[in-house]
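Asker: Provided below for reference: sequence and predicted model.
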Amino acid sequence: MAIAQALCTAFKQELMLGTHNFATNGNAFKLALYAEGGGGKSSTTATLGAATTAYTTTGEVANSGSYAAGGGTLTKVAPTTSGTTALTDFADISFTTATITAMGALIYNDTNSDKAVCVLDFTSNKTSTSGTFTIQFPTADASNAIIRIA
Amino acid sequence: MISFSTKVEVAPVNVMTSNDGGLSDEQIAQMAVDKIVSVSNNAPDVIRDQANVFKENVKKILFHYLILARQEERATIVHTVRNSGNKELAEYIRRL
């Protein structure tokens, strides 16, 4: 599979190196959309997974509506804890008036050399045609939050 | 030797898309209810069924008030546009 859901291995190491700051006044994180196979608008195919180390333009969907190369900036929710689990969250993000077909996304640190955080696999092509393309993050709790350290 | 075992995880996301315009009231209601009510995959069937019934009820209520909110906002826009002298545009927006 060319796009596989994963928390990037490099990110786990970089957590220990203090590379990523998810505080609301910390680093800027972005979300970029990617196509897989013939379903995308881009002529290249993305290969994203645990081994991904940084944002890449290969396989990224084409500019459309409010989507521009590099994707959109995420609004962070300050990291917190629930029981023995630490978690962080982002506000949902939407690209409007956009014609997009995407199979997955990459969250990356725009402040620190575009270092990869995680790969999101939509499991099937999602398409908007002159419409809205919204990514909704899960409930921010110990069982469901987008990024958790349990 | 002392060692600790921990798991760093990333969760799946929901994707909502629309064609020729924005998301529908139903899609927004679904997004809201997905945030409000979440049921563990490991929950017993009885609890999961009950939670899902509750979720559907919450969704219906959200859906109703979303439509109401859109209608009321449109009414305010129509009022403002009509007062600015654009009666035709106001009527067009009213009929949306």
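Answerer: Alright, I've got the coordinates. This is a predicted model, so every value here is computed, not measured.
Asker: Spatially nearest residue to the most centrally placed residue in chain B (excluding sequence neighbours)?
Answerer: Centroid-nearest residue in chain B: residue B:28, 2.3 Å away (criterion: CA atoms, centre = their mean). Sequence neighbours aside, residue B:66 is the residue nearest to residue B:28 in space, at 5.8 Å (criterion: CB to CB, 6 or more residues apart in numbering or on different chains). For glycine as for every other residue, the C-beta is placed from the backbone atoms N, C-alpha and C.
Asker: picking that back up, would you confirm that the residue nearest to the centre of chain B belongs to a strand?
Answerer: No - per DSSP: H, G, I helix; E, B strand; the rest coil, residue B:28 lies outside any strand segment and is helix.
Asker: wait, it sits on residue B:67?
Answerer: No - contact criterion CB atoms under 8 Å: residue B:28 and residue B:67 do not qualify, at 10.2 Å.
Asker: Output the strand ranked longest in chain A as PDB - backbone C-alpha positions only.
Answerer: Counting by DSSP state E, the longest strand found in chain A is strand A:115-136. What follows is strand A:115-136 as a C-alpha-only set of coordinates in PDB (Å, rounded to 0.1, in the frame of the first residue of the first chain):
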ATOM      1  CA  LYS A 115       9.600  17.000   9.600                       C
ATOM      2  CA  ALA A 116       6.900  14.400   9.400                       C
ATOM      3  CA  VAL A 117       4.600  13.600  12.300                       C
ATOM      4  CA  CYS A 118       2.100  11.100  11.000                       C
ATOM      5  CA  VAL A 119       0.500   9.600   8.000                       C
ATOM      6  CA  LEU A 120      -3.300   9.400   7.700                       C
ATOM      7  CA  ASP A 121      -4.800   6.800   5.500                       C
ATOM      8  CA  PHE A 122      -8.400   7.500   4.400                       C
ATOM      9  CA  THR A 123      -8.600   3.800   3.200                       C
ATOM     10  CA  SER A 124     -10.400   4.900   0.000                       C
ATOM     11  CA  ASN A 125     -10.300   7.900  -2.300                       C
ATOM     12  CA  LYS A 126     -12.300  10.800  -1.000                       C
ATOM     13  CA  THR A 127     -13.400  13.300  -3.600                       C
ATOM     14  CA  SER A 128     -14.900  16.800  -3.500                       C
ATOM     15  CA  THR A 129     -15.900  18.500  -6.700                       C
ATOM     16  CA  SER A 130     -16.100  22.300  -6.400                       C
ATOM     17  CA  GLY A 131     -17.000  21.700  -2.800                       C
ATOM     18  CA  THR A 132     -15.700  21.300   0.700                       C
ATOM     19  CA  PHE A 133     -13.100  18.700   1.700                       C
ATOM     20  CA  THR A 134     -13.100  18.400   5.500                       C
ATOM     21  CA  ILE A 135     -10.800  16.300   7.800                       C
ATOM     22  CA  GLN A 136     -12.400  15.800  11.100                       C
END
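Asker: ok, which stretches of chain B are helices?
Answerer: Along chain B, counting by DSSP state H, helices occupy B:25-36, B:45-83, B:87-94.
Asker: Check which helices and strands the second one sits against.
Answerer: It stands for helix B:45-83. helix B:25-36, helix B:87-94 (3 or more CB pairs under 8 Å, 6 or more residues apart in numbering or on different chains; DSSP states H and E).
Asker: Could you count how many residues lie near the residue nearest to residue B:28?
Answerer: By other CB atoms under 10 Å in any protein chain shown, the residues close to residue B:66 number 17.
Asker: same thing with residue A:149?
Answerer: Neighbourhood size, residue A:149 [other CB under 10 Å]: 18.
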